[in-house]
Every structure is written in C-alpha cells, then in structure tokens.
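S.K.: Build me a model from this:
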Amino acid sequence: MTGGLGSLDLAPAGERPDLLADPVAAVVETLPDAQVAPIDPDLADTAALCEAYDVALDISANCVVVTGRRAGVERHAACVVLATTLADVNGLVRRRLDARKASFAAVDFVVEVTGMEYGGITPVGLPADWMLLVDAAVANTDVVVIGSGLRRSKIAVPGAVLAKLPGAEVVDGLGRPVQ
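M.R.: Model (predicted):
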C-alpha cells in the first residue's frame, strides 16, 4: 500500500496482534490487505498523526459513535467518515437511527462496550448490534488509515474492505465537508 501513507511503518496486521485491541485482533485476519503501524500514542488524534507521520488527511478516516434516542430506547451507530469531513449526526445519522435526538455517545460507554481506547475507536470489531455507517467516500478510497482500537497504532486497509464489514451500510453524504 502506498499513496499518502507517509512514514508509517506498516506490517501485516495479522502478524502484530500486540498493536491491536482484543476485539480488533479477533477479526483483523479476515480483512484483506490489512496492515498496522505503531505510532506515538500522544499523536493518535487525526490532525497530530497526519502532521507527524506525513499521512494525507484525505485517506485518514475517523470512526465516531452516535447514540440516538426515541421513546426511551437507545440505538447506537458507528460512523466512518474521512478526516476532511464531519459526520452528519443531527441529520442523516439521526434519521438512520430513527431517533428524535442524536448525539455523540459518552466516551466511558464507548470504551467499556467496545474494549477499545478513546482515540483508537475503529469500525473493526464493534458490537454486532450497532449500526455501522460508512461514508461512500471512505468506501471508494484506495487505502484508508483508521484506528486499531489502541492509541499506539493505526490500521491501513482498502476502503472497500470497510464497506464489507458485517452489517456495514455505505451511505452517500454521511460525511459533510468541514466548514
């Protein structure tokens, strides 16, 4: 894999389970061409990572978890969008969750339920009952850099692989340009 990956020291993800959160390691070998790279955990946030490792923003993807509520019932959706965009939480995501109100899920909840670290949340290995929305721009990207479940590493994988994760739904317009 090449093209915007900068100075990431990539290795086949299946060979480095030490760089993956347990739920991610449990499924990463089923992902074609998945690679993982160690990073400085203090640089896990997208902007810092891209600057320090010369990774292109347009191949970096963020996974945010949204909680929607209606009539006392909570539903959760993981949304994968390119770093050059923001998830349309109050529009498209709220409607997909069939919720009156939607907001970013509480960090403590997400960390506890996923078994992943904040700053490393990834669409790989999420709870099966969560909705997984992947922006069409992510699915159409040759390679995207995503979290590994840990702050100390990142995964690089073809965007089409994310679109084929169990329960994934590719959605046009999920990511809106940053204003």
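S.K.: Could you use CA atoms for every contact and neighbour count after this?
M.R.: Noted.
S.K.: what's the helix or strand for Val138?
M.R.: helix 136-139 (DSSP states H and E).
S.K.: Now the element after that helix, going C-ward?
M.R.: Taking DSSP H and E, what comes next after helix 136-139 is strand 144-147.
S.K.: got the residue ranges for the strands in this structure?
M.R.: Using DSSP state E, the strands of the chain run over 11-12, 35-38, 61-70, 73-82, 85-87, 101-104, 131-135, 144-147, 153-157, 168-171, 175-177.
S.K.: how about these, which one is nearest Ala47?
M.R.: Evaluated with CA to CA, the strands of the chain place strand 61-70 nearest to Ala47, the distance being 10.9 Å.
S.K.: which helices and strands sit right next to the closest one?
M.R.: The contact analysis (3 or more CA pairs under 8 Å, 6 or more residues apart in numbering; DSSP states H and E) places strand 61-70 against strand 73-82, strand 101-104, strand 144-147.
S.K.: how about 6 Å then?
M.R.: Secondary-structure packing of strand 61-70 (3 or more CA pairs under 6 Å, 6 or more residues apart in numbering; DSSP states H and E): strand 73-82, strand 101-104.
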